[in-house]
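Sequence and predicted structure, then a few things I'm wondering about:
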Amino acid sequence: MFKTLILTLALLLPATNLVAAESQDVHEYMLKNGLKVLVKEDHRAPVVVSQVWYKVGSSYEHDGITGISHALEHMMFKGTSKHPAGEFSRIISENGGRENAFTGRDYTAYFQQLEKSRLHVSFELESDRMRNLLLRKEDFAKEIQVVMEERRMRTDDSPQSLTYEQFTAAAFVNSPYHHSVIGWMNDLQNMTADDLKAWYDRWYAPNNATLVVVGDVDPQVVLKLAKKYFGPLKPSKLQPLKPRTEIPQVGERRIVVKTPAELPFIIMGYKTPVLTTADEEWEPYALEVLAAVLDGGDSARFSKELIRDKQIAASVSAGYNMTSRIEDLLTLDGTPARGHSIGEIEDALKAQVRRLREKPVSDNELARIKAQVIASDVYGRDSVFYQAMQIGMLESIGLSWKLLDEYVDRIKAVTPEQIQKVARKYLIDDNLTVAILQPLPLEDKPMHRPAMGGGRHDF
C-alpha cells in the first residue's frame, strides 16, 4: 500500500520536490591518514548505520588468487589480539545491533546498525580490525572450507548461477569482470593464509577506505569519534592498479552450459558503458530507463507481452548497473513457459531489442516508466541503510556521492530519441554474448555434504 502511494505521488508531483523532502547534504571530511568520512543526517528514528567500504573486490584480483577478497571478508570476523574470534558479533548483539559484510566486484563493505548512542561501539571494533587482524593459519584452514562449500551450494549446485558464471567468463576475456566474486575452486583450494595476509596488508588501510554514517547523528560528533578511533591508524603505500581494459568484441559469442537442472535458461548480455566509462554523460541514464521499459514492473513490456499476453515465458528480466567500476553488460534472461522452447525466448528477446532500435518509445510509456524509476528511488530513501549503500558504492568506484542528487533530474531528462540511440549503438550482435543452460537429468547431480564451520552469511 505504501509503495503504491509513493508511486501515485510520483505521478502527480514534481519528482525533484519529492527527493528534496528526503535529501540532506552529506558532510564530507578527510582524516590525516587518508580515511574519507561521509555523514548524512536522518533524524526520523534514533538509529544509525555505520559502513566501512574498502576499495577492493574481485575486479582487483588476478589469475591464481580469485576469490581472495571474499575469503578475506570471512576472515575479518576471526578476531584480533584485543577482540578474539566471535567477540565482534557478540558485542554488537549485546548492544542491540545487527552486523554483517558483503563482497562485490569493486568493493568490500562491513556494516552495523545500532541505536544512535552506540555508534562508538562500531567505530572501536571496525578500527581495531582495519589494521590488527590476526589471520591465524588454523582459522584460515577451517574457514576456506566454508568458502568452498559456499561456492558448491551457491554456484556449482545452482544451475542458473553456474550458467551466469560461465556466461560472464565468456563475455569478458581480459576484463577483471571475467572472474566471479566467489573465485574459481582451484584458486580456493590452493589459497594460503599468507596470500590473505599480503592482500590484507595491501588494501585494508584508512587511505583505501570510506566510512559512511547515516542516521540520527550530529556530523561534528561523528567526526570527533572518527578521529578518536580511526585517526591513529597508519596509512599504506597504495600502488595503482594496472589498466585491464576489455579487448574489443568482434562478433557474437555463444556458449552452452550442460548441468543437471529442471528447466532451461538463457542469458543475453550486451557490452554497455557505465557512469565511469560512457562517451556521453546521458548514456547510462538512457540505458537505465531502457532496462525499465523492458522490465520495470507488471506493466513493462516483458511482463505484459512475454508472460501474460503471449505466455511463452515463465520468467524474464532485464538488468543494468550503471555504478560498475568499468565497462559492464546490459543483460536479458528468461525461462520458457511449459510447452515453449528456449529458442522462442531468444527470438522474443531479440525482437524486443529490435523494436527499441527501430521505434522510439512513446511519450506516454516513457512518462510511466520514468515515474516508476523515480518512485523506486524515492521509496528506497526511506531506508538509512539504502542511503548509506548508495553513497558507499559511488565513492568506492571513484565517483562522488553528489551524483545522487542529480539522479532524478537525469532520469527525467532522458528522451525517446536517446533510448533509441543507445539501443542502436550498443544493443547490437557484435556486442552480444549468449549463454544457454541445457538441462541434464537431475539424477546426475552430485550430492555435497556441508562443511563444518562458522561462515559468514554474505549480504
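Happy to help now that I have it. Numbers count the residues shown, from 1 in each chain.

Walking through this protein, point out its strands one by one.
Ranges of strands in the chain, per DSSP state E, are 26-30, 36-41, 47-54, 98-103, 108-115, 209-215, 253-260, 265-272, 313-320, 328-336, 432-440.

Give the buried residues for the fourth one.
Along strand 98-103, these residues count as buried under the neighbour rule (16 or more other Cβ atoms under 10 Å): 99-103. Every residue, glycine included, has its C-beta placed from N, CA and C.

relative to strand 108-115, how tilted is it?
For strand 98-103 against strand 108-115, the angle by axes from the mean of the first three to the mean of the last three Cα atoms, to 10 degrees is 160 degrees.

Contact partners for the spatially most central residue of the chain?
For the chain, the residue nearest the mean C-alpha position is G104 (5.8 Å; Cα atoms, centre = their mean). Counting by Cβ atoms under 8 Å, 6 or more residues apart in numbering, G104 makes contact with 57-58, 181.

Including distance to E358 and neighbour count, could the residues you listed go into TSV?
As requested, these are exported to TSV (distance: Cβ to Cβ, whole Å; neighbours: other Cβ atoms under 10 Å):
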residue	distance to E358	neighbour count
G57	38	24
S58	37	24
V181	37	21
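
just curious, which of these is nearest to Q112?
Comparing the contacts of G104 against Q112 with Cβ to Cβ places G57 closest, at 20.1 Å.

and that closest one, what are its phi and psi?
phi -160, psi -160 (degrees, to the nearest 10).

burial of I345, as a residue count?
27 (other Cβ atoms under 10 Å).

quick one: the closest residue in space to it that isn't next to it in sequence from Y320, how far?
Spatial nearest neighbour of I345, excluding adjacent residues (Cβ to Cβ, 6 or more residues apart in numbering): G334 at 4.5 Å. Separation of G334 from Y320 (Cβ to Cβ, to the nearest Å): 16 Å.

Show me which of these two is the more surrounded one.
G334 (26 against 22).

shaky segments in the chain?
Residues of the chain meeting the criterion pLDDT under 70: 1-24, 444-459.

about what we covered before: quick one: closest of the strands of the chain to A292.
Comparing those by Cβ to Cβ, strand 313-320 comes nearest, at 8.1 Å.

That closest one packs against which elements?
Judged by 3 or more Cβ pairs under 8 Å, 6 or more residues apart in numbering; DSSP states H and E, the packing partners of strand 313-320 are helix 283-295, strand 328-336, helix 342-358.

now the farthest one out in the protein, which residue is it?
G339 (34.7 Å).

phi, psi of that one?
Dihedral angles of G339 (phi, psi; degrees, to the nearest 10) stand at phi 90, psi 0.

what about it, distance to T415?
40 Å.

Repeat that for H74.
46 Å.

Kindly report the same for S89.
Counting by Cβ to Cβ - S89 and T415 are separated by 50 Å.

JSON lines for the buried residues of strand 98-103, including distance to P439?
Shown next, in JSON lines, are the buried residues of strand 98-103 (distance: Cβ to Cβ, whole Å):
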{"residue": "E99", "distance to P439": "39"}
{"residue": "N100", "distance to P439": "34"}
{"residue": "A101", "distance to P439": "34"}
{"residue": "F102", "distance to P439": "31"}
{"residue": "T103", "distance to P439": "30"}
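
picking that back up, need the contacts of G104 in a markdown table (columns: distance to Q189).
Output for the contacts of G104, formatted as a markdown table (distance: Cβ to Cβ, whole Å):
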| residue | distance to Q189 |
| --- | --- |
| G57 | 21 |
| S58 | 17 |
| V181 | 17 |
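
From those residues, pick the one nearest H83.
For the contacts of G104, the nearest to H83 is G57 (24.8 Å; Cβ to Cβ).

The closest one against R105, yeah?
Yes. G57 lies in contact with R105 (Cβ atoms under 8 Å); the separation is 5.0 Å.

Which neighbours do these two have in common?
V181.

of H74 and T415, who's got more company?
H74 (23 against 15).

Let me see the contact set for the closest residue to N208 other than its chain neighbours.
Spatial nearest neighbour of N208, excluding adjacent residues (Cβ to Cβ, 6+ apart): K55 at 5.2 Å. Taking Cβ under 8 Å, 6+ apart, we find K55 in contact with 106-107, 203, 208-210, 396.
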